[in-house]
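K.L.:
Using only what follows, build the 3D model:
(chains A and B)
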Number of protein chains: 2
Amino acid sequence: MAPTEKGFKAYAMKAGDGPNSYANNSTFQKRAVDSAREVIREEIAEKLDTHTLSSSSSTFHIADLGCSVGPNTFFAVENILEAVQLKYQTQGPSSRTPEFQVFFNDHSGNDFNMLFKSLPKNRNYYAVGMPGSFYGRLFPKASINLFHSSYSLSWLSRVPKEILDKEGPAWNKGKIHYSNSTSPGEVIRAYEAQHAEDMECFLSARAQEIMYGGLMMLIIMCRPSGTPHFDTLATATYETLESCLMDMTKEGKVSEEKIDSFNIPIYFMSPEEVEVAVDRNGNFNIERIQILPNVLTSTALSNASIFTSHLRAVVETLLKEHFGDEMLDELFNLYHKKVAEQPSKFGSGKAIISLFVLKRKEN
Amino acid sequence: MAPTEKGFKAYAMKAGDGPNSYANNSTFQKRAVDSAREVIREEIAEKLDTHTLSSSSSTFHIADLGCSVGPNTFFAVENILEAVQLKYQTQGPSSRTPEFQVFFNDHSGNDFNMLFKSLPKNRNYYAVGMPGSFYGRLFPKASINLFHSSYSLSWLSRVPKEILDKEGPAWNKGKIHYSNSTSPGEVIRAYEAQHAEDMECFLSARAQEIMYGGLMMLIIMCRPSGTPHFDTLATATYETLESCLMDMTKEGKVSEEKIDSFNIPIYFMSPEEVEVAVDRNGNFNIERIQILPNVLTSTALSNASIFTSHLRAVVETLLKEHFGDEMLDELFNLYHKKVAEQPSKFGSGKAIISLFVLKRKEN
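P.N.:
Numbering: from 1, shown residues only, chains lettered A, B, ... in the order given. Down below sits the predicted model:
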C-alpha cells in the first residue's frame, strides 16, 4: 500500500484562463463530450447496477481522470450525474437517489486552484481534487462507482526510456514523435511497448478501485483500425510542428540537440489495441465501442487558428519545459501559417474519437 | 442537497512558500500539534470504535478542516493515522488495518496547488483536496470517520453584518476587532452571536458527515474561562495592530474610513462556550478538554520577529484585500517595533490553547 505518485512524469495542460490556456481552447473536447452525452446516458440507463452499488454506501462516487481545469470536466460530470439520478428514479420511490461525491483527478502540476475556483456554483455534488498519475493507484479499494476520462489516455506515463538513449537503435534523432514516417521502427515499438505497459497499469489500478459492476467511460482519440502509425492525424500534426522547429533551428533560435532530445509522449492507439489490453488484464468487459463524430479534421480545413490554438493548449507546457518560454509565439505562428497553407494535409489525417464503455467483472 | 459553498467569506492564509508565507510562519501551530500528539493518540486508543467504523467500508476516512498549505496538516494527519493503525493492530490479526483516505479541506482560495506539490512523497494514505467552507456541508452523509482541525475554528464565517452598519449601534468606528476595550458592547454581542450561529452550522454539518462513533479533534485558541473579551492576547494583538494603522493614518498613508470599515473576523471563544454549543447541538459528547502548552505568549517575550511574522502570516491576506499590497511591510515594521518595545504587554495577554475531543452520539 504505497499510493503515492512516483516515477511518473507529469504533463499538465496549459494553466490559468488566458488566451492560450487549455480552458479556453478545448472546443474539440467539448464537442466530443457533447456527442458522447447520449451514449453515456444510454449505457448508464441499461448497464448500471444500482442494486450492487448502493448496498454498501448511500453515496455514489464518480472520478474524472485527467480532468484538467474545466469546463469540460464539469459538463461530463453533470451528464453522468443526471443519468445516474434518472436511473435511480425510474427504479421507483423505494430506490432513494444517493448523494454524489466527484473526484477531479489530474497530475499534481495541474492548476487545481483554478479548477476549484471555477466549480459550478449550483452543483449538486461534493467536489474534491485528487492529485496524481492515473497510471498508479489513486483511490482506496472498491471506492469508486464510475470512472470517466476524456482525451487523457493518449498521454503515456513517460517518454519510453529507449528513445532517450543516444547510442541505442530507438534514438529518434531530429524527430519529436514516433509517427514520423522516417522514424526508426524501434521508436514505434518502444512507444507501443510503453503504451501496453501503461494500459496494464491503468486497468490494474482501476480494477482495484472500482466496485464490482461499476462502469468506466473512456473517450480516446484513436487511429482507425489497420492504419499504420505514420498515416494518421498525428503524423500531419507532429511532422508539421517538427518542421517549424527545424525552421527555427536554421535561424539559430533552437538548437538541433534540443530537438533530438525532445519527444512527445502521446500515443494514438487503435480500438483493437484497447480490446487487447482489456482482454489481457481480464478484469473488465467491453460493453460498447462507439465512434464519435470527429470535428477535429473539419476544423483544420475551416479554421487554422482554432486548430493551432488547440494543439498549443495541449503541448505548450511540455514545449515550455524543454525549450523555454520565449520561442512559443514564433513557433505557433509558423505552425498556424503551415496549417492555413495546407489544410487538406490535416483534414485528411486519419483519426477517430472512440468511446469505450467498460464494466468491472464480478470476480 | 445543495452542498456548495455559498454566502461564506473566505479567509485564506498567506499562500506560497515565501518568507512571509503561512507555510514558513506556523511554528506556533506546529508546537500545538506536537503537544496535542500524545493526547490524540490516547484518545484514539481508548475511544475509537473500530468495530462500528469498519463495518461498512474497508477505508478509514480522515478530514483536516482548515488545513492551509502544510506542513502542519501533514504532521497532524500522520499522527492520527499511526494511532488508528496501532488501534487496529492491538485488536489482533483478525482486525485488518484499513486503507486511509485523507481529505485536506480549506477555502477554495487556499493554495491547493502548493499543498498538492508538498504532499509527503512516502505517505501511506490517499490524499485529496476538498475546497469549501466548513460552516456548510462538505462531505456526503456518514462518510468521515475522524475530523481534525487545528487553529481554524477561531475564524468566523464572516464579519457580523451589524458591525458594518454605519448607522447602527454596533458600528466599530476606529477599531478593527471586538476585543478593544473601547469597542461598544453591541460589537461584542454581534461577534458572540455570529460565533454561536457559526458553531451550530459547523456542528450540524459535521454531525451529518461523521459516522456514528466517529471522533472529532479540535484544537482552538481560546480565552480562559471567566476572562473578559478585552483582557486577552487578542486585545494586545489587535489594539497594537490598530494603533499601527492609526500611525499610518496620521501620515496620510491609510484613510480613516478604511480602518472604520475593516474588522477582523476572528473570535476567541472560551471552553465554556464550546461546551454550550456542543450541548445545544446535541449530536456529540465532549470526551475530553485538554489545555495544551501555550508557546505563543513566551515567544512574544523572547522573539518579537517571530511573533510578528506569525500574525502577518495569519492576517496578511485579509489586510491586503482591504488596504492593498503596498502598506504591508511598513505596517508590520511598526508592529514589530511595538512588540519589541513592550513585550510584557503580549506576554501577559490571556490565551489558552485547548484540544476538544468530541464523539458522535449513536442516535
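K.L.:
Please make it C-alpha for all contacts and neighbour counts, starting now.
P.N.:
OK.
K.L.:
Spatially nearest residue to the most centrally placed residue in chain A (excluding sequence neighbours)?
P.N.:
In chain A, the centroid-proximal residue (C-alpha atoms, centre = their mean) is residue A:152; its distance is 1.2 Å. Take residue A:152 and drop its neighbours on the chain: the residue closest to it by C-alpha to C-alpha, 6 or more residues apart in numbering or on different chains is residue A:66, 5.5 Å away.
K.L.:
From residue A:200, how far out is the one you found?
P.N.:
Going from residue A:66 to residue A:200 by C-alpha to C-alpha, to the nearest Å gives 17 Å.
K.L.:
now do residue A:326
P.N.:
Distance from residue A:326 to residue A:200, by C-alpha to C-alpha: 38 Å.
K.L.:
Between these two, tell me which one has more neighbours.
P.N.:
Ranked by neighbour count (other C-alpha atoms under 10 Å in any protein chain shown), residue A:326 and residue A:200 place residue A:200 first, with 17 against 10.
K.L.:
Hmm, that one is touching residue A:282, no?
P.N.:
No: judged on C-alpha atoms under 8 Å, residue A:200 makes no contact with residue A:282 at a distance of 10.0 Å.
K.L.:
ok, now which ones touch residue A:143?
P.N.:
Shown in contact with residue A:143 (C-alpha atoms under 8 Å, 6 or more residues apart in numbering or on different chains): A:61, A:209, A:210, A:211.
K.L.:
With residue A:323 instead?
P.N.:
Taking C-alpha under 8 Å, 6+ apart as the contact definition, residue A:323 lies against A:254, A:258.
K.L.:
State which helix of chain A is the longest.
P.N.:
The longest helix of chain A (DSSP state H) is helix A:185-209.
K.L.:
From residue A:254, how far out is the closest residue to residue A:258 other than its chain neighbours?
P.N.:
Among residues not flanking residue A:258 along the chain, residue A:323 sits closest, at 7.2 Å (C-alpha to C-alpha, 6+ apart). According to C-alpha to C-alpha, residue A:323 and residue A:254 sit 8 Å apart.
K.L.:
With residue A:327 instead?
P.N.:
Taking C-alpha to C-alpha, one finds residue A:327 at 8 Å from residue A:254.
K.L.:
Repeat that for residue A:39.
P.N.:
Where residue A:254 is concerned, residue A:39 sits at a distance of 45 Å (C-alpha to C-alpha).
K.L.:
that older thread, surely the residue nearest to the centre of chain A forms part of a strand?
P.N.:
No: in this structure, residue A:152 is coil, not part of a strand, as judged by DSSP: H, G, I helix; E, B strand; the rest coil.
K.L.:
so who does it touch?
P.N.:
By C-alpha under 8 Å, 6+ apart, the contact set of residue A:152 is A:65, A:66, A:220.
K.L.:
ditto for residue A:101
P.N.:
A:59, A:60, A:61, A:62, A:125, A:126, A:127, A:128, B:139, B:140.
K.L.:
Which strand residues bridge it?
P.N.:
For residue A:101, the beta-bridge partners under DSSP bridges are residue A:61, residue A:126.
K.L.:
quick one: low-confidence parts of chain A?
P.N.:
For chain A, applying pLDDT under 70 flags the ranges A:1-33, A:52-56, A:92-95.
K.L.:
Name the residues of it found near chain B, please.
P.N.:
Proximity of chain A to chain B, by C-alpha under 8 Å from any C-alpha of the partner chain, involves residues A:1-6, A:56-59, A:99-101, A:108-113, A:116-117, A:121-131, A:138-141.
K.L.:
Buried among these? Make that a ChimeraX selection.
P.N.:
Of these, the buried ones go into a single ChimeraX selection, burial set by 16 or more other C-alpha atoms under 10 Å in any protein chain shown:
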select /A:3,4,5,57,58,59,99,100,101,108,109,110,111,112,113,116,124,125,126,127,128,129,130,131,138,139,140,141
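K.L.:
secondary structure element for residue A:147?
P.N.:
Counting by DSSP states H and E, the element that carries residue A:147 is strand A:144-150.
K.L.:
I'd guessed residue A:137 sits against residue A:205; true?
P.N.:
Yes: using C-alpha under 8 Å, residue A:137 is in contact with residue A:205, at 5.2 Å.
K.L.:
between the two, who's got more neighbours?
P.N.:
It is residue A:137, of residue A:137 and residue A:205, that has more neighbours when counted by other C-alpha under 10 Å, with 23 against 19.
K.L.:
in the stretch 251-363 of chain A, which spans are helices?
P.N.:
Using DSSP state H, counting those that start in this stretch, the helices of the stretch 251-363 of chain A run over residues A:256-260, A:271-281, A:295-302, A:304-323, A:328-341, A:343-347.
K.L.:
where's the residue in the stretch 251-363 of chain A that chain B sits nearest to relative to residue A:63, distance?
P.N.:
Distances between the stretch 251-363 of chain A and chain B by C-alpha to the nearest C-alpha are smallest at residue A:317, namely 16.0 Å. To residue A:63, residue A:317 is 24 Å away according to C-alpha to C-alpha.
K.L.:
and the two? which has more neighbours close in?
P.N.:
Set residue A:317 next to residue A:63 and count neighbours by other C-alpha under 10 Å: residue A:63 wins out with 25 against 17.
K.L.:
between the contacts of residue A:143, which is nearest chain B?
P.N.:
Among those, residue A:61 lies closest to chain B (C-alpha to the nearest C-alpha), at 10.0 Å.
K.L.:
Could you verify my assumption that the closest one touches residue A:98?
P.N.:
No: Residue A:61 is beyond contact range of residue A:98, at 9.6 Å (criterion: C-alpha under 8 Å).
K.L.:
So if I had to pick from those two, which one is more boxed in?
P.N.:
More neighbours surround residue A:61 than the other of residue A:61 and residue A:98, with 23 against 18 (other C-alpha under 10 Å).
K.L.:
Quick one: residues contacting the more buried one.
P.N.:
A:100, A:101, A:102, A:103, A:143, A:144, A:145, A:146.
K.L.:
Can you dump the C-alpha atoms of the strand or helix carrying residue A:247 in PDB for me?
P.N.:
Assigned by DSSP H and E, residue A:247 falls within helix A:233-250. Below are the C-alpha coordinates for helix A:233-250, written out as PDB (Å, rounded to 0.1, in the frame of the first residue of the first chain):
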ATOM      1  CA  LEU A 233      -3.600  13.000 -38.000                       C
ATOM      2  CA  ALA A 234      -0.700  12.700 -35.500                       C
ATOM      3  CA  THR A 235       1.800  12.400 -38.400                       C
ATOM      4  CA  ALA A 236       0.400  15.600 -40.000                       C
ATOM      5  CA  THR A 237       0.400  17.400 -36.700                       C
ATOM      6  CA  TYR A 238       3.800  16.500 -35.300                       C
ATOM      7  CA  GLU A 239       5.700  16.400 -38.600                       C
ATOM      8  CA  THR A 240       4.500  19.900 -39.100                       C
ATOM      9  CA  LEU A 241       5.400  21.000 -35.600                       C
ATOM     10  CA  GLU A 242       8.800  19.400 -36.200                       C
ATOM     11  CA  SER A 243       9.300  21.300 -39.400                       C
ATOM     12  CA  CYS A 244       8.500  24.500 -37.600                       C
ATOM     13  CA  LEU A 245      11.200  23.700 -35.000                       C
ATOM     14  CA  MET A 246      13.600  22.900 -37.800                       C
ATOM     15  CA  ASP A 247      12.900  26.300 -39.500                       C
ATOM     16  CA  MET A 248      13.800  27.900 -36.200                       C
ATOM     17  CA  THR A 249      17.000  25.800 -36.000                       C
ATOM     18  CA  LYS A 250      18.100  27.200 -39.300                       C
END
